[in-house]
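Engineer: mind looking at a prediction? Sequence and model below.
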Amino acid sequence: MSCSESGSDDVPVGAQGDLASRTLVLESKRFYLDVKENQRGRFIKIAEISADGRKNQILMTFSTAAVFSQNLIKFLDYYHDLAKLDPDNLKQGELMSEVMYKDDKKYHMDLKENARGRFLKVSETFTRGYSRFQVFIPADGMAEFQHNLGELIEEY
């Protein structure tokens with residue numbers, strides 16, 4: 001695990017800025033959990049950087065991130081109860097799913113498996129328009145991800 005943290009409580013209310021950041025290395029990917037603030041309030045930006053440099057990101061309000069963190073605990077419990085991944089007997093698809101709604105956004109959490117392993121796909125979609133943003137968290141890294149996210153939510 002690689003984890004770094006920075007931040008400041010000296011940002012005036014309403015000012016845009018970075019309040020804290022965590023960096024996680026899960027398998028061959030880097031994840032950034034950033035606490036940010038703008039005129040509408042505080043939010044979390046989750047960014048995934050793959051080994052080849054591709055970047056994916058999603059944004060969540062703090063209230064949505066708290067629900068996401070609680071759902072992630074349920075996904076972890078389910079994941080730990082699963083049998084070991086058997087390459088000769090893959091389910092090839094969704095193992096567990098959850099949907100969260102916040103204002104004009106919808107978030108999907110989908111625990112899936114394929115030939116490369118198990119992973120959590122988190123998608124952010126907008127009810128107006130067809131934009132979809134998603135990150136893919138390796139299932140073996142969900143606990144570390146949830147731990148860091150939970151700490152940031154608690155701290156800010």
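Structural biologist: Good, I have the coordinates.

Engineer: quick one: contacts for residue 82?
Structural biologist: With contact taken as CB atoms under 8 Å, 6 or more residues apart in numbering, residue 82 is in contact with 95, 118. Just so you know, the C-beta spots here come from the backbone N, C-alpha and C atoms, and that holds for glycine as well.

Engineer: who are the packing partners of the helix or strand hosting residue 69?
Structural biologist: Assigned by DSSP states H and E, residue 69 falls within helix 62-81. Applying 3 or more CB pairs under 8 Å, 6 or more residues apart in numbering; DSSP states H and E, one finds that helix 62-81 contacts strand 41-49, strand 93-102, strand 105-114, strand 117-126, helix 142-155.

Engineer: tell me which of these lies nearest to residue 70.
Structural biologist: With CB to CB as the criterion, residue 70 lies closest to helix 142-155 of the helices and strands packed on helix 62-81, at 9.2 Å.

Engineer: who touches that closest one?
Structural biologist: Under CB under 8 Å, 6+ apart, the answer for helix 142-155 is 1, 3, 20, 22, 24, 26, 31, 33, 35, 44, 62, 65-66, 68-69, 72-73, 75-76, 79, 120, 137.

Engineer: would you mind giving the helices and strands packed on helix 62-81 as CSV with distance to residue 85, mean neighbour count and mean pLDDT added?
Structural biologist: Converted to CSV, the helices and strands packed on helix 62-81 look like this (distance: least, CB to CB, whole Å; neighbours: other CB atoms under 10 Å; pLDDT from 0 to 100):
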stretch, distance to residue 85, mean neighbour count, mean pLDDT
strand 41-49, 21, 18, 96
strand 93-102, 11, 13, 93
strand 105-114, 7, 18, 95
strand 117-126, 6, 18, 95
helix 142-155, 14, 17, 97
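
Engineer: tell me how far the spatially most central residue of the chain lies from residue 68.
Structural biologist: The chain has residue 46 as the residue nearest its centroid, 5.6 Å off, counting by CA atoms, centre = their mean. Residue 46 sits 9 Å away from residue 68, going by CB to CB, to the nearest Å.

Engineer: and for the two, which residues touch both?
Structural biologist: Common neighbours of residue 46 and residue 68 (CB under 8 Å, 6+ apart) are 60, 122.

Engineer: picking that back up, filter the contacts of helix 142-155 to the buried ones?
Structural biologist: Buried by 16 or more other CB atoms under 10 Å: 20, 22, 24, 26, 31, 33, 35, 44, 65-66, 68-69, 72, 75-76, 79, 120, 137, out of the contacts of helix 142-155.
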